[in-house]
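A.B. asks: test case, fold it:
(one chain, ligands or ions: 1)
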Amino acid sequence: MAPGVRLVVAGVLVRDDRILATRRTRPAALAGFWEFPGGKVEAGETPVAALARELAEELGIGVTVGAEIEAAQGSWPISETLRMRVFWVASGDEPHPGDAHDAVRWLRRTELTDPDWVPADVAVAALLAERPWP
Ligand SMILES: Nc1nc2c([nH]c(=O)n2[C@H]2C[C@H](O)[C@@H](COP(=O)(O)OP(=O)(O)OP(=O)(O)O)O2)c(=O)[nH]1
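C.D. replies: Model (predicted):
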């Protein structure tokens with residue numbers, strides 16, 4: 001990771017042939033847009049540990065982090081200062097949105113392009129619509 005660039009991790013939770021999308025409450029520029037839940041990796045934390053922590057904090061679920069959903073350039077571009085890595089995750093727990101989200105949605109494959117995704121996630125959703133799911 002280049003200096004000054006923070007890594008964001010996001011999880012694609014699949015259950016019963018549906019994928020979980022969550023609707024952000026903040027910041028104002030992203031509120032109301034949908035994402036794959038996750039957050040920023042803290043110093044000294046692995047991406048996998050960060051993802052498990054974020055999903056526990058934000059949705060109250062314990063997850064098993066699986067394979068990475070690879071981007072063409074190694075990670076998904078968000079902005080000049082943020083890059084994102086995306087992983088399949090599995091969980092038997094029911095997600096309950098806290099402060100960071102105000103809605104959840106379980107999307108079928110044919111619905112993946114329906115939500116107003118945060119800009120960086122449009123390409124992720126398009127890829128997921130095309131490839132096999134675990
Ligand atoms: N969590 C998540 N963030 C995404 C996705 N796509 C995308 O562009 N982002 C952006 C939104 C934010 O600018 C950044 C993630 O920040 P965040 O606010 O979720 O991270 P965090 O929970 O660690 O929050 P904080 O410590 O900065 O308050 O990445 C995504 O699919 N999931």
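A.B. asks: with adjacent residues omitted, what lies nearest to Arg53?
C.D. replies: Spatial nearest neighbour of Arg53, excluding adjacent residues (CB to CB, 6 or more residues apart in numbering): Glu45 at 7.4 Å. (Each C-beta comes from the backbone N, C-alpha and C, glycine too.)
A.B. asks: surely Trp88 meets Pro132?
C.D. replies: No - between Trp88 and Pro132 there is no contact under CB atoms under 8 Å: 10.9 Å.
A.B. asks: who has more neighbours, the two?
C.D. replies: Ranked by neighbour count (other CB atoms under 10 Å), Trp88 and Pro132 place Trp88 first, with 19 against 5.
A.B. asks: mind checking how far the residue in the chain that the ligand sits nearest to is from Ala126?
C.D. replies: Here the chain gets closest to the ligand at one residue, Gly39, 2.9 Å apart by CB to the nearest ligand atom. As for Gly39, its distance to Ala126 is 23 Å (criterion: CB to CB, to the nearest Å).
A.B. asks: who has more neighbours, those two?
C.D. replies: Gly39 (18 against 12).
A.B. asks: just the pLDDT for the more buried one.
C.D. replies: Looking at Gly39, its pLDDT stands at 98.
A.B. asks: setting aside sequence neighbours, what's the nearest residue to it?
C.D. replies: Nearest one to Gly39, counting by CB to CB, 6+ apart, is Glu54 at 3.9 Å.
A.B. asks: right, and the one you found touches Glu42 too?
C.D. replies: No - the criterion here is CB under 8 Å, and Glu54 misses it with Glu42 at 9.9 Å.
A.B. asks: the more surrounded of those two?
C.D. replies: Each of Glu54 and Glu42 has its neighbours counted (other CB under 10 Å); Glu54 has more, 22 against 12.
A.B. asks: can you verify the more buried one is assigned to a helix?
C.D. replies: Yes - assigned with DSSP: H, G, I helix; E, B strand; the rest coil, Glu54 falls within a helix.
A.B. asks: from Ile61, how far off is it?
C.D. replies: Glu54 is 10 Å from Ile61, by CB to CB.
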